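A.B. asks: This is the structure alone, sequence omitted:
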């Protein structure tokens, strides 16, 4: 596995954790946690876009 795959895998796990954190905030009725988790989800996706774009371009 190359570095880009490890970077992508790391961001996927960050994304999974942030989705779980957001869901927990919603279930518990904690709007601040839910919004913070959602912001982290969006940030993870923004960091993943260039990695995925580079991998598609390389093929």
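C.D. replies: Perfect, I can see it now. Nothing here was measured: the structure is a model prediction, and the numbers come from that model. Numbering: from 1, shown residues only.
A.B. asks: The closest residue in space to residue 34 that isn't next to it in sequence: helix or strand, and which one exactly?
C.D. replies: Spatially, and ignoring its direct neighbours in sequence, residue 34 is nearest to residue 25 (3.5 Å; CB to CB, 6 or more residues apart in numbering). C-betas here are computed from N, CA, C, even on glycine. Here residue 25, judged by DSSP states H and E, is contained in helix 3-28.
A.B. asks: okay, residue 16: pLDDT?
C.D. replies: Per-residue pLDDT puts residue 16 at 96.
A.B. asks: Kindly report the same for the one 5 residues further on.
C.D. replies: According to the per-residue confidence, residue 21 scores 96 in pLDDT.
A.B. asks: now do residue 26
C.D. replies: pLDDT, read off for residue 26, is 97.
A.B. asks: Also residue 5?
C.D. replies: As predicted, residue 5 sits at a pLDDT of 85.
A.B. asks: and it, how many neighbours does it have?
C.D. replies: When neighbours are defined as other CB atoms under 10 Å, residue 5 has 11 of them.
A.B. asks: do you know how far it is from residue 15?
C.D. replies: Using CB to CB, to the nearest Å, residue 5 is found at 15 Å from residue 15.
A.B. asks: quick one on the thing from earlier: continuing past the helix holding residue 25, what's the next helix or strand?
C.D. replies: Helix 3-28 is succeeded, C-terminally, by helix 31-58 (DSSP H and E).
A.B. asks: which parts of that next one are buried?
C.D. replies: Using 16 or more other CB atoms under 10 Å as the test for burial, helix 31-58 gives 34, 37, 38, 40, 41, 44, 48, 51.
A.B. asks: can I get those residues in CSV with distance to residue 10 and pLDDT?
C.D. replies: Formatted as CSV, these follow (distance: CB to CB, whole Å; pLDDT from 0 to 100):
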residue, distance to residue 10, pLDDT
34, 24, 96
37, 18, 95
38, 20, 96
40, 14, 95
41, 15, 95
44, 10, 92
48, 10, 90
51, 10, 87
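A.B. asks: and which of these is nearest residue 19?
C.D. replies: Nearest to residue 19 among the buried residues of helix 31-58, counting by CB to CB, is residue 41 at 6.0 Å.
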